[in-house]
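*Asks:* I'd like to go over a predicted model; first the sequence, then the structure.
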Amino acid sequence: MKKTFCIVLAILWCLFLCFSFFFSYQPGEIIGKHFLTFGGSLLGLLPPAFILIGLFHVWVKQETIMKHMGHEAGLKGHFWAILLSSSILGGLPVALPVAMALYSKGASLAVMFTLLGASCVCRVPMTIFEASFLGVPFTLIRWAVSLPLIVLSSYAIAWVMGDQILPGKDFK
């Protein structure tokens with residue numbers, strides 16, 4: 001039932017776009033062009049990210065991830081998550097699979113939320129852009145306020161969720 005609904009919805013959306021281009025309906029044309037632009041950028045970004053995540057699964061041992069980002073890592077795990085998230089290009093579309101790969105290797109849920117939050121806040125290209133337009137003091141103050149709040153909220157969300165999102169996975 002759910003799959004059929006999604007298929008019907010996709011068909012209706014495609015018909016709307018075809019109707020828009022055929023009858024020169026400008027909002028539909030804009031939506032279609034933006035979809036193609038965004039979809040093209042994702043198609044250029046996600047395959048290399050998934051290849052790297054696959055290599056990560058093969059090359060990195062579970063014990064290493066559990067030691068540095070697991071339940072016993074404490075704030076060190078959050079430090080590694082912030083450092084890793086600052087190097088992620090592509091924002092959340094890339095950070096989500098990276099977080100899931102780390103979680104499946106034994107990283108704690110709180111560290112994964114820190115990785116996701118920090119990937120939205122402290123990516124290197126965004127930080128350089130921000131510092132060049134708003135100044136280094138503003139960027140440092142924003143990091144000093146944002147990062148502790150991200151870590152605290154990550155602990156709170158993991159506590160509410162019970163630090164267990166995958167059934168059958170018990171890394172404690």
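*Replies:* Yes, it's here. Residues are numbered from 1 along each chain as shown.
*Asks:* going by C-alpha atoms from here, please, whenever you check contacts or count neighbours.
*Replies:* OK.
*Asks:* can you point out the buried residues in the longest helix anywhere in the chain?
*Replies:* Ranked by residue count and defined by DSSP state H, the top helix of the chain is helix 26-59. Using 16 or more other Cα atoms under 10 Å as the test for burial, helix 26-59 gives 28-29, 32, 49, 53.
*Asks:* tell me what that helix is packed against?
*Replies:* helix 2-22, helix 92-104 (3 or more Cα pairs under 8 Å, 6 or more residues apart in numbering; DSSP states H and E).
*Asks:* send over stretch 4-13 as CSV, restricted to the C-alpha atoms.
*Replies:* What follows is stretch 4-13, C-alpha atoms only, in CSV (Å, rounded to 0.1, in the frame of the first residue of the first chain):
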residue,chain,number,x,y,z
THR,A,4,1.9,2.0,-4.4
PHE,A,5,1.2,5.4,-2.9
CYS,A,6,4.8,6.5,-3.5
ILE,A,7,4.7,5.3,-7.1
VAL,A,8,1.4,7.1,-7.7
LEU,A,9,2.8,10.3,-6.1
ALA,A,10,5.9,10.1,-8.3
ILE,A,11,3.9,9.6,-11.4
LEU,A,12,1.7,12.6,-10.5
TRP,A,13,4.7,14.7,-9.9
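*Asks:* in it, which residues are buried?
*Replies:* Buried-residue list, stretch 4-13, by 16+ other Cα under 10 Å: empty.
*Asks:* my read: residue 95 touches residue 84, true?
*Replies:* No - with contact defined as Cα atoms under 8 Å, residue 95 does not count as touching residue 84 (9.6 Å).
*Asks:* shared neighbours, the two?
*Replies:* Counting by Cα atoms under 8 Å, 6 or more residues apart in numbering, the common neighbours of residue 95 and residue 84 are residue 115.
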